[in-house]
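In: below are the sequence and a predicted model for it; my questions follow.
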Amino acid sequence: MYPMTAAASIRPRRGSGLQALAAALLWAAPLNAQKADTVILRNGDRIVGELKALDRGAVSYSTDDMGTLAIQWDKIDRIISDRYFEVEVGSGERYYGALQRGIQVGQVVVAVASFSDTLDQAAIVRINPIGRSFLARVDGSIALSLSFQRANRLRAFGVEADARHRSTKWLTEVRSSVYFQAQEGAEGTSRNSVSLGESRFLPQRWLLVGTGSAEQNEELALDLRVLVSAGGGRFLRQSNRAYLLVGSGLAYANERYTGSSPTSNLEALVSAAAEYFRLDSPKSNLRGALTVYPSITDFGRVRSDLDVSLTHEVIKDFTIGLTLFDKFDSRPPAAGAAKHDYGVAFTTGWTF
């Protein structure tokens, strides 16, 4: 349920569902031509421009004179627009309509046709214009890591990249990682992966998730693992500063280890992911994800993947960071294969 506040007028009204969305879609096209949105800051400043989105506690706001601004949501006193938006609150409920001034400070009215909903501004976690273009909904990052040691002629190179596209009900995410290490007098080592995930958002912070991935890791003697998984989860917490997500499901893996025949395996999966983001300048982001795969067809075998990353903005959109990974397999199919691989890397990156 939507979190109640002391003001009874903040209770969602009946028009916040499909009826509101249908009306918003009907009127969105002519109203999208009007781009005179107004933001009033807590210090009294008034900025006229175009509201691009609210996500992770920051409003992306386009102006003619100052370009695109990132304005902290808690620095905004009121926001007014005749255009139509999808507004999501921390409970997972969504509302559709124009943004109007609330009766009380800290309220936002989402209005369409003959009905409206009054929301607590602090509870709003995401705003997207209806009819927003495909490219405007894409964001991501690229991070590089380089290492060279003269004493033992060690050279290492790594690239990590991700991109996300979010619509009103779907999130598509692509991730890739490339790592290569070479040392004089020793064989090189590589570790590569790519994944594609699709999430379907449901009411009350629930979601369905499907992923496909391919992975190679010479340290673990893994020539190739192709994995397909499906499951569901729920955001236990969702705010303008952080989220906590837990999930479970099933995974099918086809694996080929060095010196062994390909094997197939059905696994359960249990996962947890959390992220904390500070968008006050300079921006910082801490993210972690853990997935455990207890095998069903090879009972007693357990795999786990842990990824942690910390980034800090040094100049606009350019970051430095630290990444950590840990991969464990209690019983690899290949005799003599390592059970454990882990590493830490310092990175420089760019977000878009």
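Out: That came through, no problem.
In: where do the helices sit along the chain?
Out: Secondary structure of the chain (DSSP state H): helices at 18-31.
In: out of the helices and strands in it, which is least certain?
Out: Here the helix or strand of the chain ranked lowest by mean pLDDT, DSSP states H and E is helix 18-31, holding a mean of 48.
In: any weak-confidence spans in the chain?
Out: 1-35, 132, 149-152, 279-281 (pLDDT under 70).
In: quick one, domains of it?
Out: 8-131, 137-351 (automatic domain parsing).
In: so how far is the first one off the chain centroid?
Out: Here the centre of mass of C-alpha atoms in domain 8-131, compared against the chain's by CA atoms, centre = their mean, to the nearest Å, lies 21 Å away.
In: tell me the most buried of the domains of the chain?
Out: For the domains of the chain, average neighbour numbers computed from mean count of other CB atoms under 10 Å are highest in domain 8-131, which has a mean of 17. All C-beta atoms are positioned from the backbone trio N, CA, C, and that covers glycine.
In: residues contacting D223?
Out: Counting by CB atoms under 8 Å, 6 or more residues apart in numbering, D223 makes contact with 216, 256-258.
In: dump those into JSON lines; add distance to A334 as well.
Out: Putting the contacts of D223 into JSON lines (distance: CB to CB, whole Å) gives the following:
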{"residue": "Q216", "distance to A334": "14"}
{"residue": "R256", "distance to A334": "9"}
{"residue": "Y257", "distance to A334": "3"}
{"residue": "T258", "distance to A334": "6"}
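In: of these, which is the nearest to D305?
Out: D305 lies nearest to Q216 out of those, by CB to CB, at 14.2 Å.
In: what's the closest non-adjacent residue to that closest one?
Out: Excluding its sequence neighbours, the residue lying closest to Q216 (CB to CB, 6 or more residues apart in numbering) is N192, at 4.9 Å.
In: my read: the one you found touches S213, true?
Out: No. The pair N192 / S213 is not scored as a contact, 11.2 Å apart, by CB atoms under 8 Å.
In: hang on, R278 packs against R241?
Out: Yes. The pair R278 / R241 is scored as a contact, 7.3 Å apart, by CB under 8 Å.
In: most remote residue from the middle of this protein, which is it?
Out: Most distant residue from the mean C-alpha position of the chain: G185, 41.6 Å away (CA atoms, centre = their mean).
In: excluding its backbone neighbours, what's nearest it?
Out: Leaving aside its sequence neighbours, G185 sits nearest to R153 (CB to CB, 6+ apart; 7.9 Å).
In: repeat that for R331.
Out: Distances taken as CB to CB, 6+ apart put R301 closest to R331, at 4.3 Å, once the chain neighbours are dropped.
In: and stretch 278-291, how far out from the chain middle?
Out: Centroid separation between stretch 278-291 and its chain, computed with CA atoms, centre = their mean, is 11 Å.
In: dump it to PDB, keeping only the CA atoms.
Out: Output of stretch 278-291 as PDB, limited to C-alpha atoms (Å, rounded to 0.1, in the frame of the first residue of the first chain):
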ATOM      1  CA  ARG A 278      24.400  10.200  -3.400                       C
ATOM      2  CA  LEU A 279      23.700  12.700  -6.100                       C
ATOM      3  CA  ASP A 280      24.800  15.800  -4.300                       C
ATOM      4  CA  SER A 281      27.900  17.000  -6.100                       C
ATOM      5  CA  PRO A 282      30.200  15.200  -6.300                       C
ATOM      6  CA  LYS A 283      28.100  12.100  -7.000                       C
ATOM      7  CA  SER A 284      28.900   8.800  -5.300                       C
ATOM      8  CA  ASN A 285      27.400   5.300  -5.900                       C
ATOM      9  CA  LEU A 286      27.800   2.100  -3.900                       C
ATOM     10  CA  ARG A 287      26.300  -1.100  -5.400                       C
ATOM     11  CA  GLY A 288      26.500  -4.800  -4.500                       C
ATOM     12  CA  ALA A 289      24.900  -8.000  -5.800                       C
ATOM     13  CA  LEU A 290      25.100 -11.600  -4.500                       C
ATOM     14  CA  THR A 291      23.600 -14.600  -6.300                       C
END
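In: and for that stretch, what's in contact with it?
Out: Contacts for stretch 278-291 (CB under 8 Å, 6+ apart): 56-58, 70, 72, 241, 269-277, 304-314, 319.
In: which parts of the stretch 51-200 of the chain are strands?
Out: Shown for the stretch 51-200 of the chain, the strands assigned by DSSP state E, counting those that start in this stretch span residues 58-63, 67-72, 76-89, 94-101, 107-112, 115-120, 124-129, 138-149, 154-166, 170-183, 186-201.
In: which residues touch the first one?
Out: So that's strand 58-63. For strand 58-63, the external contacting residues (CB under 8 Å, 6+ apart) are 37, 39, 47-54, 68-73, 76, 79, 127, 279.
In: same thing but 6 Å
Out: Outside strand 58-63, the residues that touch it by CB atoms under 6 Å, 6 or more residues apart in numbering are 49-53, 68-72, 279.
In: from these, which two are the most distant?
Out: Greatest spacing in these, by CB to CB: E50 and L279 (19.4 Å).
In: thinking again about what came up before, narrow the contacts of D223 to those in strands?
Out: Counting by DSSP state E, the contacts of D223 place 216, 256-257 in strands.
In: switch those over to a markdown table; also include distance to T351.
Out: Conversion of the ones in strands among the contacts of D223 to a markdown table gives the following (distance: CB to CB, whole Å):
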| residue | distance to T351 |
| --- | --- |
| Q216 | 27 |
| R256 | 35 |
| Y257 | 36 |
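In: return the member of those residues nearest to G349.
Out: Nearest member of those to G349, counting by CB to CB, is Q216, at 22.9 Å.
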